[in-house]
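**Student:** Give me coordinates for this.
(chains A and B)
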Amino acid sequence: MSEVAEEGGAAQVLSLAEKHNALRAWSVLGFFVLVSLATFISDQRYVYLSAYLWFGFIYGMALQYGRFCMASAIRDLFAVGVPRMAVGIMIAVVLFSLVAAYVTAVGKSTFHPSPIGAYSVVGGFIFGVGMVFTGGCASGSLYKTGEGSVAALLVVLSLSFTQALFVGAGGWLNHLVPTTWTASAAAKSLPAAVSATNGWYDQFLAGYVWDLSATTMAKVTGLTEPFVAAFVGNSLLNSVLPALFLLAVIYARWYRKGYLRGKQQQYMGLQTELSGFWAMLTASRRTAIAGLILGIAAGLHMWVMQGLQQRFGIMNAGELLVAMGHTQGLSIQDTIFDPGYFYVTTQEAQGAAWVLARGGMNMMDNVFLGLDAGIPNPLINPVLWMSFALVGGSAVMALLHNEFKLKFPSLEIATWAILGGALMGLGARVGLGCNIGAFFATVTNGDPSGWLFGLGMTFGGWLGVKFFNWWIERRMAKEAGALDL
Amino acid sequence: MKTVRLPRHGEVTITVSLPLKGETCLRTNLLTKRALSRARVGDIIEIESDNLSAVETIPFMAPNHDCEHLVTMQDGGCWAIYLRRRGDANNPTPAGASQTWPLKFRKGEEE
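**Tutor:** All right, here's what the predicted structure looks like:
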């Protein structure tokens, strides 16, 4: 048994198991290097896919290092009063917004704001409940899969297949569609192949979401000079100030009391409060470092993808795949899902849809996949490369710290993983993204809709904690005697 | 009762033990919260977990329950976290509660 230094640390002398873990870590890294090199040698345009891959790898390492998880942020605050993760996420939001502002100001951003509407709150709410049930958000479940958690893998699979099935589901769900959505979807004269008036999600997208307007805080404030619009409008107003406000609330509600209790010096008013605020920001070195890396990497990711798009003269990776001779699985517009920044869930829906299509199901007769995202083979799906590499990056980090462990869930935990994963899948589709695509990447790029998703996700998480608290209390009452509590 | 030797703390006797391997983070955290809130002054609490997220969070829970984090030990893919309930055994008042800090307690809490 070795002592873990503050917030983790390595043993002084490498044991045989540790040497094996290091070897495994280098093997995983070597695999991704080999994939990048081999594909690049076969066709240089594969560098576009490798860019997604390596950013995914960095995200995986940072997420695992910081145990970065939005489910943990909300759950730890409401369940046990620990603000560590919520603080780390706010740090990442501020840093990502600053890098994104620069990238936007120099015209290298790939970001497109989402329409603003109540759907974000509803989607976030469903997603928030689900992620508390599973114990991990969308990105959190991916990195935990890399740590060897089979429960997290079940979450990813459940989330993926639920989305794939939901986006094309019609039947009785059509009865839940308001007539105004149907009329609006029909009026758009979309190709018959996507059957836009058959299916709840088709009509939700084409008849409701597309009629909403999207904007950024820079546009709302009327700022036009690129740097002022990006840094003041998008970053300061939509990210930094809201993040500071939330940090102040977290400090006052969850951190201050414990900090003042443990403080030995005399109370010095504002000076003590600011010291406490700083202590909260730096309380978890791991989380703060992970937030810093994620924030910077996510901003740079947009810059790199935009640069590659310009280099290859494309607007979407579908064009690149066609040029490379891969024409299977593209949407009817010859596009595939290609956000150009950190994203989770849609690519997993594509992967699941691809599997279901191999089983004989028609997965392209809907707006989401048939008209936009497509279902390319996972082996050449650029954004899915990011998800695979995220799992790999997490595995490497876990192996290097001897934290990798293959863990199989109990039946109860597996049930919650599948149920919660399904809710996360539904929430992600209704909210047009998950904790990353609909929150992290949006609030940091000046899109106010991200805060609506965040609001719903927080409320859903709070409700999920309340439910789980009741559930666990009920279970603990039976087990308390055995644990002598 | 089980005794263990901890770095910088010597031999200590475990008074509350929570074997929580295989549990989710939320369940681990809630069971720990329950144990910490019921601990008596001087109690040494040992929590065994293989959930990294919970292992990371638990030390941060300690101050809110007048506990101190002694050390976290790693054994392969499992961790043991050791916490001690602070305070003087002859004076059960929680540590820090009698200080002159401008602490604001919610209605109903004792100052």
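
**Student:** Could you pull out the strands in the chain for me?
**Tutor:** You didn't say which chain, so I picked chain A. Remark: strands assigned in chain A by DSSP state E are A:2-4.

**Student:** that's the wrong chain, I meant chain B
**Tutor:** Remark: strands assigned in chain B by DSSP E are B:3-6, B:10-13, B:16-19, B:44-49, B:67-75, B:78-85.

**Student:** residues in contact with the fourth one?
**Tutor:** Counting by C-beta atoms under 8 Å, 6 or more residues apart in numbering or on different chains, strand B:44-49 makes contact with B:2, B:4, B:12-21, B:23, B:28, B:32, B:35-36, B:39, B:55, B:58, B:67, B:70, B:78-85, all of which sit outside it. Just so you know, the C-beta spots here come from the backbone N, C-alpha and C atoms, and that holds for glycine as well.

**Student:** Tell me the buried residues within those residues.
**Tutor:** By neighbour count, with 16 or more other C-beta atoms under 10 Å in any protein chain shown, the contacts of strand B:44-49 hold B:4, B:12, B:15-18, B:20, B:23, B:28, B:32, B:35-36, B:39, B:55, B:58, B:67, B:70, B:78-85 as buried.

**Student:** For the chain, which helix extends over the most residues?
**Tutor:** Since you didn't name a chain, this refers to chain A. helix A:449-483 (DSSP state H).

**Student:** The chain in question should be chain B.
**Tutor:** helix B:25-38.

**Student:** Do it and chain A come into contact?
**Tutor:** Yes - judged by C-beta under 8 Å from any C-beta of the partner chain, helix B:25-38 comes into contact with chain A at B:C25, B:L26, B:R27, B:N29, B:L30, B:L31, B:T32, B:K33, B:R34, B:A35, B:R38.

**Student:** Mind giving me the PyMOL select for those residues, buried ones only?
**Tutor:** Selecting only the buried entries of these in PyMOL, with 16+ other C-beta under 10 Å as the criterion:
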select buried, chain B and resi 25+26+27+29+30+31+32+33+34+35
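
**Student:** I'd like the residues of helix B:25-38 next to chain A written out as CSV, with distance to A:G168 and pLDDT added.
**Tutor:** Below are these laid out as CSV (distance: C-beta to C-beta, whole Å; pLDDT from 0 to 100):
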residue, distance to A:G168, pLDDT
B:C25, 34, 86
B:L26, 33, 86
B:R27, 36, 86
B:N29, 38, 91
B:L30, 39, 88
B:L31, 42, 88
B:T32, 44, 92
B:K33, 43, 91
B:R34, 45, 87
B:A35, 48, 90
B:R38, 51, 89
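
**Student:** so which of the residues of helix B:25-38 next to chain A would you say is closest to A:A138?
**Tutor:** Nearest to A:A138, judged by C-beta to C-beta, of the residues of helix B:25-38 next to chain A is B:C25 at 16.0 Å.

**Student:** how about that closest one, what does it touch?
**Tutor:** A:S72, A:R75, A:G135, B:N51, B:S53, B:A54, B:T57.

**Student:** Buried subset of those residues, written for ChimeraX?
**Tutor:** Typed into ChimeraX, the line below selects the buried ones among these, using 16+ other C-beta under 10 Å:
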select /A:72,75,135 /B:51,53,54,57
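
**Student:** Which of the contacts of B:C25 fall within helices?
**Tutor:** A:S72, A:R75, B:S53, B:A54, B:T57.

**Student:** Once you drop chain neighbours, what's closest to A:A79?
**Tutor:** Among residues not flanking A:A79 along the chain, A:V465 sits closest, at 5.0 Å (C-beta to C-beta, 6 or more residues apart in numbering or on different chains).

**Student:** My guess is the one you found contacts A:S72. True?
**Tutor:** No - if you go by C-beta atoms under 8 Å, A:V465 and A:S72 don't touch, sitting 11.4 Å apart.

**Student:** Who is the residue nearest the centre of chain B paired with across the strands?
**Tutor:** Nearest to the mean C-alpha position of chain B, by C-alpha atoms, centre = their mean, lies B:L83 at 3.8 Å. Here B:L83 sits in beta bridges with B:I45, B:H69, going by DSSP bridges.

**Student:** Where does pLDDT dip in chain B?
**Tutor:** Across chain B, the ranges flagged by pLDDT under 70 are B:88-111.

**Student:** how close does the residue of chain A found nearest chain B sit to A:A218?
**Tutor:** Closest residue of chain A to chain B, C-beta to the nearest C-beta: A:K405 (2.8 Å). A:K405 sits 46 Å away from A:A218, going by C-beta to C-beta, to the nearest Å.

**Student:** what's the answer for A:I336, then?
**Tutor:** 29 Å.

**Student:** Between these two, which is the more surrounded one?
**Tutor:** Using other C-beta atoms under 10 Å in any protein chain shown as the criterion, A:I336 and A:A218 rank with A:I336 on top: 29 against 26.

**Student:** how far is stretch A:58-77 from where the chain is centred?
**Tutor:** How far stretch A:58-77 lies from its chain's middle: 10 Å, per C-alpha atoms, centre = their mean, to the nearest Å.

**Student:** Identify the residues contacting the residue of chain A closest to chain B.
**Tutor:** So, once contact is read as C-beta under 8 Å, 6+ apart, A:K405 ends up touching A:E147, A:G148, B:D50, B:G76, B:G77, B:C78.

**Student:** For the second one, which non-adjacent residue is spatially closest?
**Tutor:** Once flanking residues are discounted, A:G148 sits nearest to A:L406: 4.3 Å by C-beta to C-beta, 6+ apart.
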